[in-house]
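S.K.: coords please:
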Amino acid sequence: MNILLIQLKRIGDLVLTTPAIAAVRKTFPDAKLTLVISEEGAALLPAITGIDRAVIMHRNLSDIAAFLSVLRQRFDYCIDFTRNDRSAFLALLSGAKKRVVSYRVKRRAPIRGRIYNEFVQHRMRDMHTVDYNLSLVEPLGVTDVSPALRLNLAPAVQEKGDALRQHTRIDRPFVLFHPGSARREKFWEPERWAEVITYATTQWKVHAVLTGGSSILEKAHLAQIQAKLPRPVENSPAGSVIDLSGKLDLLTLAAMIAHARLVVTVDSAPMHLAAAAGTPQVVLFGPTNPFHWRPRESPALILQGESPLPLREFAAKQTRLPMKLISTPAVIDAMNSLLSTPTL
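M.R.: Alright, predicted model coming up:
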């Protein structure tokens, strides 16, 4: 059995596909599983188990070799988690006898829809993303499976995280703050980040570890936050705020998150890494809908809009909300709630 899985979206989407990957592997223990991913997700590959072969798409001429490698394989099944032109072309090249996608492709893109021959009667907008991904593998006879996220950090990665904490002298519990995102509309006000970071270090006597990406957009946002802190962010062991932004690869970030007492973040990849690790977290949502993306396994408090309390009910349809509606007291209260809960 030769099975092709296509997930060309971002890191978070790839993490949310791991339950489906694990389910296919469990149902077909002897099958050869090939996973096609985007360049952004390549760093996560060592933590994804059950895959025999990975094909990485770079969105340039080097993808010709990737297309040819798929063409040569001749697959039995193909599952398209992505639903775009590139994934459809890969599905066509797979030559799979069963090519699965959402029925929405057939309705919205009739020409592209002709590439597939199995359509799942579910809409992504009606489900949590994990449940939607699991629905796509049902035509393969994969049912009654766990929705838990699956990431496996190798001992070398965990040792790297241990060495980093020792080097930065993180000798007591720490809260990891990840304010950044690839989308500016997910940014919360810098002065409010500075307030909650300062509160954590002074009231709870924890280290605050600041992380973020290396893009110009994120670096500028983090610089604004650092400028609002009452003292300079230092990399020295004496600092109560330890700036690791732009200095961690993805798996080392995952290792740090796994050891954090708490993660405070916007809707971004670290949210999904924390969910996979079971790390408590406070998550700030704005323009995206937590109904589709929220963590469901780890202890997580979801904040959105003007509500002073974390959300308890979620709806498939909602209005896009600006991040500035989330108040500083709401975030502090959520932090207090999780930090006051004894650890196991």
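S.K.: my read: residue 81 touches residue 17, true?
M.R.: Yes - here residue 81 reaches residue 17: they are 5.6 Å apart, a contact under C-beta atoms under 8 Å. All C-beta spots, glycine's among them, are computed from the backbone N, C-alpha and C.
S.K.: which residues are in contact with both of the two?
M.R.: Shared contacts of residue 81 and residue 17, defined by C-beta atoms under 8 Å, 6 or more residues apart in numbering, are found at 5, 7, 133.
S.K.: quick check, nearest of the residues you listed to residue 342?
M.R.: Among these, residue 133 lies closest to residue 342 (C-beta to C-beta), at 33.8 Å.
S.K.: got a list of what the closest one touches?
M.R.: By C-beta under 8 Å, 6+ apart, residue 133 lies in contact with 16-17, 19-20, 81.
S.K.: Please settle this for me: is it part of a helix?
M.R.: Yes - under DSSP: H, G, I helix; E, B strand; the rest coil, residue 133 falls within a helix.
S.K.: gap between it and residue 145?
M.R.: To residue 145, residue 133 is 11 Å away according to C-beta to C-beta, to the nearest Å.
S.K.: Between these two, which contacts overlap?
M.R.: residue 19.
S.K.: just the helices in this protein please.
M.R.: Per DSSP state H, the chain carries helices over the ranges 11-15, 18-27, 63-73, 85-94, 103-108, 110-113, 129-136, 155-167, 190-203, 216-228, 250-259, 269-277, 290-293, 328-339.
S.K.: Ok, which of the ones you listed comes nearest residue 175?
M.R.: helix 190-203 (4.9 Å).
S.K.: How many neighbouring residues does residue 1 have?
M.R.: 13 (other C-beta atoms under 10 Å).
S.K.: Actually, residue 171.
M.R.: Count around residue 171 with other C-beta under 10 Å applied: 10.
S.K.: what residues are up against it?
M.R.: For residue 171, no residue meets the contact criterion (C-beta under 8 Å, 6+ apart).
S.K.: can you give me phi and psi for it?
M.R.: Dihedral pair for residue 171: phi -110, psi 10, per degrees, to the nearest 10.
S.K.: Need the per-residue pLDDT for it.
M.R.: Looking at residue 171, its pLDDT stands at 86.
S.K.: quick one: it from residue 242, how far?
M.R.: From residue 171 over to residue 242 the distance is 11 Å, taken as C-beta to C-beta.
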